[in-house]
Every structure is written in C-alpha cells, then in structure tokens.
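Participant: predicted coordinates and the sequence they were generated for:
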Amino acid sequence: MKLRPAERALAYVVMVLIAIVGIAPFVVLFLVSTRTRLGVLQVPPPLTFELETFLTNYRQVIFDRFFLEYTINSVVVTGLSTLIALVIGLPAAYAFSRIRFRASDQWASTILSFRFMPPVAVAIPIFLLIRNLGLADSYLGLILPYVAFTLPLVIWILIGFFDEVPREIDDAALVDGCSRLGVLTRVMLPLVRPGMMVAAIFGVIFIWNELLVGVYVISSEDIKTIPVGAAGLISAQRPLDWNIAATVGMVTILPIFIFSLFVQRYILRGVTAGAVK
C-alpha cells in the first residue's frame, strides 16, 4: 500500500523517535565513561567529550589484571556453548523437519517454549544442580546451562531452514545409497549454512551478554566472564565509581556491537533464505 506524503512523514518521525530512544542509553553510557568520578555528579551534566579522562578510564579497565582473563573466559565459554548447541541442534532440527512422528509439531513448539522461560526463573535450581554435580567454578558449569538455554532457539531456527529444502533432495540422496546421517552431513548442511550462521549469531549474542547464571555458578576470578566480572563493581564493600562502571559497560558491549556490525548482512541473508522458497 502506497503511503501519502503526510503518512510517510509521520512514519519517519516515529522511526526516528524509536531510534533515539534505543540509542540514547548507549550515548549516555559513553558520556559517563568519559567523566571523572566527581564529574559524573555534576548537575546539569555537561555534554562534552573529555579525551584525557576517556583514555584514563579505558586504560584503567582494559589493562586491569583480571580483564584479559574475563575476556578469554567469555570467548571460550561463548564459542564452546554455541558450537555444542549447533552440534546437538542440527540433527534434532533435521529429525523434526523430516521424520514425522506423533505430535512432532507440538513437541517442536514445546521445545521453543522453554526458550521463553527467563533464566531468573530457574537460576536457583540450576545452581543447586551444578553444585551437586561438582561443576561450580568451572567452564563446564557455565557451558551446560548456556547450551540448555540456547538449544531451543537453535532447533527452532534450523527447523525453518530444513523445511524450505525440498524433500525430493533427501529422496534422491537416499536412492543413491546415502544414509540419513550422510544426507544430513553431505547434502543438507551446505544448503542450510545460512541458517547455521543465523542460529550461531543469536547464540553468541545471548551467551556473551548473559549474567544471572554466571553470578550464581561462578565465584572464582579465574572463571568469571566479562558480564560477571563487571557485576563485581557493584559491591557493598566499596564505593561505586560510576565512571568506571560505565566504562566497563562500554567495554562489555563493544565486542558484541562490532560483531553485530560485521555479521548483520549474514543475518539478513540467512533470514531471507529461510523465508523464501
């Protein structure tokens, strides 16, 4: 439907307002990260960029003795969790798409419903389970819950991509003597590669930013991820430096922001490939 000029202008105004509301918190966070401890408390806050203070704050955070460990831990946990979720989710999604069994659609919807459950609802049971398994303060104690939270979304995304591939391709491969596993690994994987990319991207974004499970499961500085380490700034035992807290927040979101900029075209390509037959 073609919009009239007034309607188009109104739509642009609404989109600009939504964009401002979405971007404003990040702008404020960045400005606070360029202030001194006392400068944060100025009223009204100056809307200026202080280069010297900016360099001091970011140097203090980036060269902190624990920050490199937090970064390495985040990369390891995020990478392994996403990889495991894909390895498990691929055959599961293929089975739901190709092997019809009783109430298969209902089971697929049930699996997705687990993704809607907020981590806070199961944080204490997860902590008790991880502690009883002896996995507290370990990479595995973080990876297992993250895989459990990411897997439903991975399966749901990949089911859509598998459904878009004609079944005749499977039948032709089976007639040629290929097993079901061979069809999945040799024929289907190249065809659903955009879906794998989309699922991996959403998994990386979720796991990198996840905080609550890490706070419950990890207490050792050697295993903490960046969000968990950043949460340690808010402590009753010491005063909170809001400028340093804002700097940590910027450093935390910056890697995933840069990652999103690089992969956004793959997201669009993957979503288009999964939505069009």
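Facilitator: Arrived safely. Numbers count the residues shown, from 1 in each chain.
Participant: for the protein, what's the longest helix?
Facilitator: Determined from DSSP state H, the single longest helix within the chain is helix 242-275.
Participant: so what does that one touch, helix or strand wise?
Facilitator: If contacts are counted by 3 or more CB pairs under 8 Å, 6 or more residues apart in numbering; DSSP states H and E, helix 242-275 sits against helix 5-32, helix 51-62, helix 139-164, helix 193-209, helix 226-231. (Each C-beta comes from the backbone N, C-alpha and C, glycine too.)
Participant: C-terminal to the one helix or strand in the chain whose mean pLDDT sits lowest, what's the next element?
Facilitator: In the chain, no helix or strand scores lower on mean pLDDT, DSSP states H and E than helix 104-115, which sits at a mean of 74. On the C-terminal side of helix 104-115, the nearest following helix or strand under DSSP states H and E is helix 119-132.
Participant: may I see the buried residues of that next one?
Facilitator: By 16 or more other CB atoms under 10 Å, the buried positions in helix 119-132 come out as 119, 122-123, 126-127, 130.
Participant: among these, which one lies nearest to Pro25?
Facilitator: Using CB to CB, Pro119 comes nearest to Pro25 of these, at 21.6 Å.
Participant: distance of the closest one from Thr247?
Facilitator: Going from Pro119 to Thr247 by CB to CB, to the nearest Å gives 26 Å.
Participant: over to Pro5?
Facilitator: Counting by CB to CB, the gap from Pro5 to Thr247 is 45 Å.
Participant: more neighbours: the two, which one.
Facilitator: Neighbours were counted for Pro5 and for Thr247 using other CB atoms under 10 Å; Thr247 has more, 28 against 7.
Participant: surely that one is in contact with Leu55?
Facilitator: No. Look at Thr247 against Leu55 with CB atoms under 8 Å: they stay out of range, at 10.8 Å.
Participant: what residue spans form the domains of the protein?
Facilitator: Following automatic domain parsing, the chain resolves into domains at 5-60, 66-275.
Participant: any idea which of these is most buried?
Facilitator: Mean neighbour count (mean count of other CB atoms under 10 Å) peaks for domain 66-275 among the domains of the chain, with a mean of 17.
Participant: now it: how far from the chain's centre is it?
Facilitator: Counting by CA atoms, centre = their mean, to the nearest Å, domain 66-275 is centred 7 Å from the centre of its parent chain.
Participant: below-threshold pLDDT in the stretch 51-200 of the chain: ranges please.
Facilitator: For the stretch 51-200 of the chain, residues meeting the criterion pLDDT under 70 lie at 65.
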